[in-house]
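Trainee: Below is the sequence, then the predicted model.
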Amino acid sequence: MVIIDRAAMEALIASARANPRRRMHRNLHASYDEPSQRLMIAMEPDSYIRPHRHLADPKPEAFIALKGSLALLTFHDDGAIERITRLGPDEDAVAVDLPAGTWHAVVSLQTGSVFYETKPGPFNPIQAKDMAPWAPDPASDGAAAYLEGLKAAVAEQR
């Protein structure tokens, strides 16, 4: 049994803050072969997750906000934002069940944000993600500006 308590979340948040990618995950499943993949992710506002979808190995995903404030953005095939859903204990939504093959990205809106992600297994890391061709690579010069644009779109939605 794994218990997700405040101490576990705070330890993960500390690891995310120390990580150059500004996020950290903790797998709750023992192997990629398990039929249910479950993980807890701490993410800081300056962490950029490139929009992606899971088409090569299409599976739905569920996101549950445990702490802080996040936004799940979905996109049309051309990169235009389709929908923005704010997630968090103090937001209108706390969870999203995302259909397989949907372009999406998660943005942290508050320092110390943590969410729980689950999807069917087994997980094949070679087929894990189809990266959006219209979004910059995280290592590129345009990544920070693109992330700020996503956060601005979330702020405009309010």
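Mentor: Arrived safely, thanks for sending. Residues are numbered from 1 along each chain as shown.

Trainee: Which residue ranges of the chain form strands?
Mentor: Assigned by DSSP state E, the strands in the chain fall at 23-27, 36-43, 52-53, 61-67, 70-75, 81-87, 95-98, 103-108, 113-120, 130-131.

Trainee: Start and end of stretch 98-110, how far apart?
Mentor: End-to-end distance for stretch 98-110: 22 Å, by C-alpha to C-alpha, to the nearest Å.

Trainee: Please point out which parts of that stretch sit buried.
Mentor: 98, 102-109 (16 or more other C-beta atoms under 10 Å). Just so you know, the C-beta spots here come from the backbone N, C-alpha and C atoms, and that holds for glycine as well.

Trainee: could the residues you listed go into a markdown table alongside distance to residue 70?
Mentor: Converted to a markdown table, the buried residues of stretch 98-110 look like this (distance: C-beta to C-beta, whole Å):
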| residue | distance to residue 70 |
| --- | --- |
| 98 | 13 |
| 102 | 16 |
| 103 | 17 |
| 104 | 12 |
| 105 | 10 |
| 106 | 6 |
| 107 | 7 |
| 108 | 6 |
| 109 | 6 |
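
Trainee: hmm, back to that, redo the strands of the chain as TSV? Include distance to residue 141 and mean pLDDT.
Mentor: Shown next, in TSV, are those (distance: least, C-beta to C-beta, whole Å; pLDDT from 0 to 100):
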stretch	distance to residue 141	mean pLDDT
strand 23-27	20	97
strand 36-43	22	97
strand 52-53	20	95
strand 61-67	29	97
strand 70-75	21	98
strand 81-87	22	98
strand 95-98	29	98
strand 103-108	19	98
strand 113-120	26	96
strand 130-131	17	92
